[in-house]
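1. Okay, here's the prediction I keep looking at, along with the sequence it came from:
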Amino acid sequence: MQSPSKSPHPSGPAPVVDVEQAEAALVEHYPRLVRLAYLVLPPSLGRNRRVLTAHALTQRALPRSRRPGAGIPGQRGGGASDPGYAYVRVQVLRGALDAGVPLHWRSWPKRAQLPPVLPQVRGLRLFPRSGGSDELALDQRLSALSGAGRAAFVLRGLEGLDDAAVEAVLAAAGCDDPEDALDEADEVEAGHELLASPEFDPCTLQARPTDLMRRRQHMKAAGVAAAAALVCGALLGLPGDGWGPDGAAAPPYARNPAGQAALDPGQLTTAAAGAWKRSARTDFSVWPARGGLVGDQDLLRRALAVWARPGESVQVSATPGTAAGAPPGPAQLLFAGEVDSARVVLFYDGLRIVRYAEPLKGTSGAALDFARVDGATGTEANAVVVNRADGNIRYLTAPWVRAAGVQDLLKPAARPAALHRSKDGVTDPFSGPVQTGRCTSWNALRLRDHSGATRLSTDLGELVPAHLTAGRPQAPREATPAEWSKSACSLATIRSHGVRTVNSWTYAQQALPEGNGTASWVCTRAETWRGADSRILAQFQTAAGPAGAIAAKSEDSPACGARDPQVLAGVRWKSRAGTWYLLAAGSRQITSITATGGGPVPGHVLAARTGRNAEVSLTGTLADGKKVTTLR
C-alpha cells in the first residue's frame with residue numbers, strides 16, 4: 001500500500017479543505033483508513049465488531065455539510081501534503097480513540113462507543129485472515145497499549161510519520177498527551193512491516209455463521225414477542241388507569257396479575273441468615289438479603305419497575321448470551337444499600353444476577369446490568385460486583401467467605417493485601433486489572449471460605465468474576481498466583497465475553513537450543529456461561545521473560561479442553577547468538593511433529609533452524625495415527 005506523500009510540517013494557518021476534496025481522499029485511501037481504524041480500536045471489542053466499527057468510523061469521517069464548495073478547516077501539520085486526506089485521517093483516528101474509552105453510567109456515551117448502526121451483517125461473523133505467530137505476538141503487544149499508544153505505533157509504521165508529525169496528528173485527534181503515546185509505542189519490539197499483514201486488513205475478510213440453533217430460537221422468540229406486542233398495544237388502548245412510571249422505568253404495557261406479583265416488593269423472597277450452613281447447596285439461592293436499604297420499599301419498587309421496563313435514560317448492559325427481559329416471577333433479594341455515590345440493589349432470579357443502581361439524588365442516571373449465573377456453585381457464587389468507579393471495584397462476598405485479599409498475579413511471591421469488608425460483606429474498593437496502557441499489574445480477588453480453601457478470581461468487566469484454575473483440562477484444580485504470573489496479561493483479550501472460568505495448563509516443557517535455558521508451553525482456555533464461544537490461547541513462555549508470547553489462538557473449539565485435551569503450537573524464536581529456530585510443542589499424547597518440508601520428528605517437542613520469515617505449518621500425530629493441527 002502506498003501512503004499519501006509526506007511534506008514538511010507547515011507553520012502557517014491551517015488550510016481550508018473542500019468537502020469534495022475530502023470525499024475524494026476518503027474514496028482513494030479507504031482501505032488504508034479502515035486498516036488504521038482497525039489497528040487503533042481496542043482488541044477487547046472482538047474481531048467482528050472491530051471490523052464493522054472500523055468501516056463505520058471511516059464512512060462517518062466526512063463532514064455532515066455536503067454543499068458544493070463548502071469548506072472545512074484542515075489539519076495543521078501531520079506530514080500529509082493532501083489536506084483532504086489529513087482531515088479524514090484525523091476524523092477516523094478521533095473516532096477510534098473515542099471507541100476505546102470505557103462506558104460510564106455517569107456520562108452520556110459518545111457515538112463511537114456504541115455498536116455501529118451501519119454497516120451491519122446479520123447471521124455472519126466477519127474477521128480478517130489469520131496471520132502467523134509474529135502477527136499474533138504484535139496483536140498481543142498492541143492490545144496492552146492504550147488507544148493513543150496504538151495510534152502512535154500505527155502512524156509511525158503505516159503512515160511513515162516522524163515523531164513531530166505523529167504528535168501533531170494525535171493532538172488534532174484529541175489525545176491529551178501525545179508524548180506519552182510515543183513513549184508507549186517505543187516499547188513495542190516488532191517490525192512496522194507487520195502492519196501490512198492480512199491479519200490487520202479489515203477489507204479482506206473471512207465469514208463464518210453465527211450460532212444457527214440460537215438463531216432459530218431467536219426467530220421463534222421474535223414471533224412470540226411481536227404477537228405479544230400487538231396484544232399489549234391493544235390493551236393499552238383500553239380505558240382505565242394504568243401503572244404510572246416508577247423512577248426511570250418506562251410506561252407499563254398492561255395489567256397482568258402474574259406480572260404485578262413479580263414487581264411487588266412485598267413478594268420478593270429472601271434467605272435466612274444461616275440458611276447456607278444447613279443447605280447442601282452453596283449458590284446464590286442461600287445468600288441472605290443484606291444492606292442498609294433492604295427495607296426501603298420505594299427503592300425496591302423502582303428497581304423492579306426498571307427491571308421490567310427500563311426507560312430510555314436507563315443504561316442497560318448484559319453479558320453475552322444473557323436475556324435482559326423482565327423477571328419471570330418474584331425474585332430473590334440479595335442486597336440493597338448505599339455504595340459510594342449510588343443506591344444499589346442486587347436480585348437473583350435463579351438464572352441471572354440483576355444489578356440496579358441509581359444516584360443518591362434523582363433517578364436520571366440509573367443503570368441496569370444482567371449477568372448469567374445458571375449452575376453457579378461454590379467459587380462461582382463467591383462474589384458479585386456492587387460498584388465500579390474510577391478503575392476501582394467493590395464486591396459483595398458470599399456469607400461463607402471468611403477472609404478476602406488482593407493478589408497481584410504478576411508478583412506471585414508478594415503477600416496478598418488484606419481486603420477489609422463491611423458487616424454486610426461489601427469489600428473496600430481496590431484497583432482492578434489494568435485495562436489500558438502497559439500491563440504492569442493484574443490484581444485478582446483472593447477469597448478463603450469456611451472450609452479453609454483459598455480460591456482466585458479475576459474481574460473481566462462483568463458482574464461475576466471469572467474463576468481461575470490450573471492443571472490438566474480433565475481435572476482442573478485451584479490455581480496459585482505463580483501459575484498465572486506470566487499468563488495474567490493475556491486475560492485482557494477475553495474481557496466482556498461472559499467468561500465463567502479460565503484454566504491455565506502447562507502442557508509441555510522444552511530445552512531451548514544453544515543452551516538458552518528452558519521454555520514452557522501454556523494453554524489457557526476460557527469457558528463462558530453459555531457453554532459456547534470458548535477462547536483458547538497457546539503461549540510460549542521463557543524462564544527469563546516477563547510474560548508469555550501468544551503462539552496460536554482459537555475460538556469455539558474443543559481443543560485444550562476436557563473433551564479434546566490435545567494442543568499443538570509453534571513459534572519462530574531467535575537465540576542469543578542471533579540464530580532463528582522453529583520451536584513447536586504439543587501435549588504429551590502427540591508422538592511426533594511434522595513441519596512443512598520435513599519429515600516427522602519423534603516426540604512432542606521440535607526445534608529446527610529456520611528463516612526469520614519462513615512460512616511453516618505443523619502437524620502432530622497421536623499414537624493411534626490421528627492428526628492434530630495447530631490452533632486456529
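-> Looks like it arrived, so ask away.

2. Please make it C-alpha for all contacts and neighbour counts, starting now.
-> Will do.

3. tell me the SS of Val92?
-> In terms of secondary structure, Val92 is helix; the call rests on DSSP: H, G, I helix; E, B strand; the rest coil.

4. Just give me the neighbour total for it.
-> Burial of Val92 is recorded as 25 neighbouring residues (other CA atoms under 10 Å).

5. correct me, but it touches Arg35?
-> No. Taking CA atoms under 8 Å as the definition, Val92 is not a contact partner of Arg35, at 10.4 Å.

6. quick one: the residue nearest to the spatial centre of the chain from Pro433, how far?
-> Nearest to the geometric centre of the chain sits Arg495, at 2.6 Å (CA atoms, centre = their mean). Plainly put, Arg495 is 11 Å away from Pro433 if you go by CA to CA, to the nearest Å.

7. Please apply the same query to Gly321.
-> Relative to Pro433, Gly321 is positioned 24 Å away (CA to CA).

8. Who has more neighbours out of these two?
-> A count of neighbours by other CA under 10 Å puts Pro433 above the other of Gly321 and Pro433, at 25 against 16.

9. Find the residue closest to that one in space, skipping its chain neighbours.
-> Closest residue to Pro433 apart from its sequence neighbours, by CA to CA, 6 or more residues apart in numbering: Trp442 at 4.6 Å.

10. quick one, phi psi at that neighbour?
-> Main-chain dihedrals, Trp442, degrees, to the nearest 10: phi -150, psi 100.

11. before we move on, which element is Val354 in?
-> When secondary structure is defined by DSSP states H and E, Val354 falls within strand 352-359.

12. after that strand comes which helix or strand?
-> Under the assignment DSSP H and E, the closest C-terminal helix or strand after strand 352-359 is strand 367-372.

13. Let me know the angle separating that next one from strand 352-359.
-> 170 degrees (axes from the mean of the first three to the mean of the last three CA atoms, to 10 degrees).

14. got the residue ranges for the strands in the stretch 151-300 of the chain?
-> 205-209 (DSSP state E, counting those that start in this stretch).

15. Helices along that one, start to end?
-> When assigned using DSSP state H, counting those that start in this stretch, the helices of the stretch 151-300 of the chain occupy the ranges 163-172, 178-186, 212-236, 257-262, 275-278, 297-308.

16. Asp533 contacts Pro558, doesn't it?
-> No. Asp533 lies out of contact with Pro558 (CA under 8 Å); the separation is 10.2 Å.

17. was I right about Thr518 contacting Leu512?
-> Yes. The criterion here is CA under 8 Å, and Thr518 meets it with Leu512 at 5.3 Å.

18. how many neighbours does Gln297 have?
-> Taking other CA under 10 Å as the definition, Gln297 ends up with a neighbour count of 13.

19. And it, how far from Val571?
-> 60 Å.

20. do Cys439 as well
-> Counting by CA to CA - Cys439 and Val571 are separated by 22 Å.

21. Then Thr630?
-> From Thr630 over to Val571 (counting by CA to CA), the distance is 11 Å.

22. who does Arg535 bridge with?
-> For Arg535, the residues forming beta bridges with it (DSSP bridges) are Ala526, Glu555.

23. For it, list the residues it contacts.
-> Contact partners of Arg535, counting by CA atoms under 8 Å, 6 or more residues apart in numbering, are Ile494, Arg525, Ala526, Glu527, Lys553, Ser554, Glu555, Asp556, Ser557.

24. picking up where we left off before, neighbour count for Thr518 and Leu512, which is higher?
-> For Thr518 versus Leu512, neighbours defined as other CA under 10 Å are more numerous around Leu512 (17 against 14).

25. need the contact list for the nearest residue to Leu158 once chain neighbours are set aside.
-> In space, Leu158 comes closest to Leu195 once its chain neighbours are excluded; the distance is 6.5 Å by CA to CA, 6+ apart. Listed by CA under 8 Å, 6+ apart, the contact set of Leu195 reads Val154, Gly157, Leu158.

26. Can I have the buried ones of these as a ChimeraX selection?
-> Selection of the buried residues among the contacts of Leu195 in ChimeraX, burial being defined by 16 or more other CA atoms under 10 Å:
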select :154,157,158
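
27. Check the offset of the longest strand seen in the chain from the chain's centre.
-> Scanning the chain for the longest strand, with DSSP state E as the assignment, gives strand 499-511. Relative to the centre of its chain, strand 499-511 is centred 20 Å away, using CA atoms, centre = their mean, to the nearest Å.

28. For it, which residues meet the burial criterion?
-> Within strand 499-511, the residues that count as buried by 16+ other CA under 10 Å are Val499, Arg500, Thr501, Val502, Asn503, Ser504, Trp505, Thr506, Tyr507, Ala508, Gln509, Gln510.

29. What pairs with that strand, parallel or antiparallel?
-> The sheet places strand 499-511 alongside strand 466-470 (parallel), strand 518-528 (antiparallel), with pairing taken from DSSP bridges.

30. what is the rounded mean pLDDT of the first one?
-> Just to be clear, that refers to strand 466-470. Averaging pLDDT along strand 466-470 yields 97.

31. can you dump the C-alpha coordinates of it into CSV?
-> Coordinates of each C-alpha in strand 466-470 appear next as CSV, following Å, rounded to 0.1, in the frame of the first residue of the first chain:
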residue,chain,number,x,y,z
ALA,A,466,-14.1,-15.4,36.4
HIS,A,467,-12.7,-18.3,38.4
LEU,A,468,-9.0,-19.0,37.8
THR,A,469,-7.9,-22.7,37.8
ALA,A,470,-4.8,-24.6,36.7
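
32. buried residues in that strand?
-> Ala466, His467, Leu468, Thr469, Ala470.

33. who does the next helix or strand after that strand touch, helix- and strand-wise?
-> Using DSSP H and E, the next helix or strand after strand 466-470 towards the C-terminus is strand 477-478. Applying 3 or more CA pairs under 8 Å, 6 or more residues apart in numbering; DSSP states H and E, one finds that strand 477-478 contacts strand 454-458, strand 466-470.

34. just to revisit the earlier point, Thr458: which of the contacts of Leu195 is nearest?
-> The shortest separation between Thr458 and any of those is 30.8 Å, and it belongs to Val154 (by CA to CA).

35. how near is the closest one to Ala551?
-> Look at Val154 and Ala551: by CA to CA, they are 22 Å apart.

36. that older thread, would you reformat the contacts of Leu195 as CSV and include pLDDT?
-> As requested, the contacts of Leu195 are arranged in CSV below (pLDDT from 0 to 100):
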residue, pLDDT
Val154, 89
Gly157, 85
Leu158, 85
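
37. got the contacts of Leu195 as CSV, with distance to Ala137 columns?
-> Converted to CSV, those look like this (distance: CA to CA, whole Å):
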residue, distance to Ala137
Val154, 15
Gly157, 16
Leu158, 18
